[in-house]
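Build me a model:
(one chain, ligands or ions: 2)
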Amino acid sequence: MQTNNPQVCDSQTQKSKTIPVIYFTTENLKLGTSSWLSTCKAVREALEDFGCFIAVYDKAESECKIDVFASLKEFFNLPMETKLLNVHPDKDAFGYFGPKPNFPLLEAISIEDSTTIEAVQSFANLAWPSGNDHFCETICACTRQLSEVNRMVSKMIFESYGVGRYSDSHIESTSYLFRANAYRVSQEKEPNLGISPHTDTSFVSVLKQDSVQGLQIQSKDGTWIPVDFPPSSVAIMAGDAMLAWSNGRVRPCFHRVMVTEKARTSIGLFSFHTGIVQVPKELADDNYPSQFTSFDHWGLLKFRSKNPALSSNERVKAYCGRKDI
Ligand SMILES: O=C(O)CCC(=O)C(=O)O
Ligand SMILES: [Fe+2]
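Ligands and ions are numbered 1, 2, ... in the order given. Here you go, the predicted model:
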């Protein structure tokens, strides 16, 4: 921890099996300052060790004027036949996903390109035939807030690996996928697994929850750690794309949700490159010989849906691992 700089990271928790907590204060986010550089380093270390960290904001900065969870409740409370109008089996990442026999507790919605009001409207217009401006504005506003965090984290990662000059072009070619998950409480004899262990396909995922806990992440030794969200915080996770981009340094976060005795809603904002993710040649050295080629990010998502049995490492290696080594 710095002596002259504002607090960046909770160093006690980093030593134990608790997920690192990193302070995204106004001071720590001032580009180019020594606190900013310390924060970038803390972010990189957290992602290399856990694939995950908790970002805590200044209370005043994060004061959220929009109640996105109320808007989501309005959708999830609609009759099932109305929600089903948003099922699009042909679209990978858009629409409504109802409870499945293996995962009866979860229903979810996904909206690709949710920074654009049109994308949110085409979802909302099916659920509410005369439209629902409030819902659309709320989802867009929430996406804008979380996408700022997502961009900041990407910038920090590029910076801390010494390839900051590539970050703007990467970020300019990024689109955001919004997902909301609603978990009901399990009934007698039902397992309380809300979402099965997985990694995300994103570059960076930003996760926000209502006041109910349930997210767990797996540490390197296989222990499941419950994630505690302090006030004004979000969880940041590395996705599969970052494994390849970082030439194997960052481990994508393996996570699951165990539902407690209360219903829970969470929001994820996943960043996807709209074209080819360039794997920086600077990230290959004697310790990390070049393992991956540059790759089409949405192609990785399609490859995943065709190869559901592969683990995250197997998937990324099979999709864009160098075949010549
Ligand atoms: O509900 C959560 O906390 C996690 C959701 C999640 O893992 C996902 O949407 O990919
Ligand atoms: Fe996830």
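
Now do the host helix or strand of L126, average pLDDT.
Here L126 sits within helix 117-127, counting by DSSP states H and E. Mean pLDDT, taken over the full extent of helix 117-127, equals 95.

and it, what does it pack onto?
Secondary-structure packing of helix 117-127 (3 or more Cβ pairs under 8 Å, 6 or more residues apart in numbering; DSSP states H and E): strand 106-112, helix 133-160. From N, CA and C alone the C-beta is placed, and that goes for glycine too.

The first one and ligand 1 in contact?
No: where contact is defined by Cβ under 6 Å from any ligand atom, no part of strand 106-112 touches ligand 1; the two come within 6.8 Å at best.

need the contact list for V120.
I111, S114, F135, C136, I139, C140 (Cβ atoms under 8 Å, 6 or more residues apart in numbering).

Is the closest residue in space to T138 that isn't next to it in sequence in a helix, a strand, or coil?
Using Cβ to Cβ, 6 or more residues apart in numbering and skipping residues adjacent in sequence, the residue nearest T138 is S71, 4.2 Å away. Following DSSP: H, G, I helix; E, B strand; the rest coil, the label given to S71 is helix.

Distance check, S71 against ligand 1.
Relative to ligand 1, S71 is positioned 17 Å away (Cβ to the nearest ligand atom, to the nearest Å).

Show me the strands in the stretch 151-300 of the chain, by range?
Applying DSSP state E, counting those that start in this stretch to the stretch 151-300 of the chain gives strands spanning 174-183, 193-198, 204-209, 215-218, 224-226, 233-238, 255-258, 264-273, 276-277, 295-296.

Other residues contacting the fifth one?
The contact list for strand 224-226, computed with Cβ under 8 Å, 6+ apart, reads K17, T18, I19, Q213, L215, Q216, I217, Q218, S219, R256.

One more: the third one?
Strand 204-209 has contacts (Cβ under 8 Å, 6+ apart) with 146, 149-150, 153-154, 157, 215, 229, 234-239, 242, 253, 264-271.

filter the residues you listed by proximity to ligand 1?
Contacts with ligand 1 are made by L215, S266, G268 out of the contacts of strand 204-209, judged by Cβ under 6 Å from any ligand atom.

For the last one, grab the count of nearby residues.
In other words, G268. Counted with other Cβ atoms under 10 Å, the neighbours of G268 add up to 22.

And for K189?
K189 has 5 neighbouring residues, counting by other Cβ under 10 Å.

for T33, same thing?
By other Cβ under 10 Å, neighbour count at T33 equals 14.

What are the phi and psi values at the closest residue to it other than its chain neighbours?
Once flanking residues are discounted, T33 sits nearest to E27: 7.7 Å by Cβ to Cβ, 6+ apart. Main-chain torsions, E27, degrees, to the nearest 10: phi -60, psi -50.

pLDDT score assigned to E27?
93.

repeat for the one 3 residues further on
Listed pLDDT for K30 reads 94.

Would you mind listing where the stretch 1-150 of the chain has pLDDT under the threshold?
Applying pLDDT under 70 to the stretch 1-150 of the chain flags the ranges 1-6, 9-16, 59-66.

For it, what lies in contact range of ligand 1?
Within the stretch 1-150 of the chain, no position lies close to ligand 1 (Cβ under 6 Å from any ligand atom).

Show me what the residue in the stretch 151-300 of the chain that ligand 1 sits nearest to is bridged to.
Closest residue of the stretch 151-300 of the chain to ligand 1, Cβ to the nearest ligand atom: S266 (3.3 Å). For S266, the beta-bridge partners under DSSP bridges are N181, Q209.

Could I get the contacting residues of it?
S266 neighbours (Cβ under 8 Å, 6+ apart): A180, N181, Y183, L207, K208, Q209, D210, G214, L215, V257.

Pick the one among those closest to P104.
Using Cβ to Cβ, Y183 comes nearest to P104 of these, at 10.2 Å.

Just give the closest residue to the most centrally placed residue in the chain, not the sequence neighbours.
When Cα atoms, centre = their mean is applied to the chain, the residue found nearest the centroid is S205 (1.5 Å). Using Cβ to Cβ, 6+ apart and skipping residues adjacent in sequence, the residue nearest S205 is M237, 4.3 Å away.

wait, isn't the one you found in contact with V250?
No: using Cβ atoms under 8 Å, M237 makes no contact with V250, being 10.3 Å away.

between these two, which one's more packed in?
A count of neighbours by other Cβ under 10 Å puts M237 above the other of M237 and V250, at 27 against 23.

Tell me the pLDDT of the more buried one.
Listed pLDDT for M237 reads 98.

Tell me who's in contact with it.
G51, C52, D200, S202, V204, S205, L207, I217, P252, C253, H255.

ok, now W128?
F135.

From Q209, how far out is it?
Distance of W128 to Q209, computed by Cβ to Cβ, to the nearest Å: 25 Å.

What of C142?
If you go by Cβ to Cβ, the gap between C142 and Q209 works out to 13 Å.

which neighbours do the two share?
The contact sets of C142 and Q209 overlap at I267 (Cβ under 8 Å, 6+ apart).

circling back to that earlier point, quick check, the residue nearest to T138 in contact with A141.
No: the criterion here is Cβ under 8 Å, and S71 misses it with A141 at 9.9 Å.

With that, I have no additional questions.
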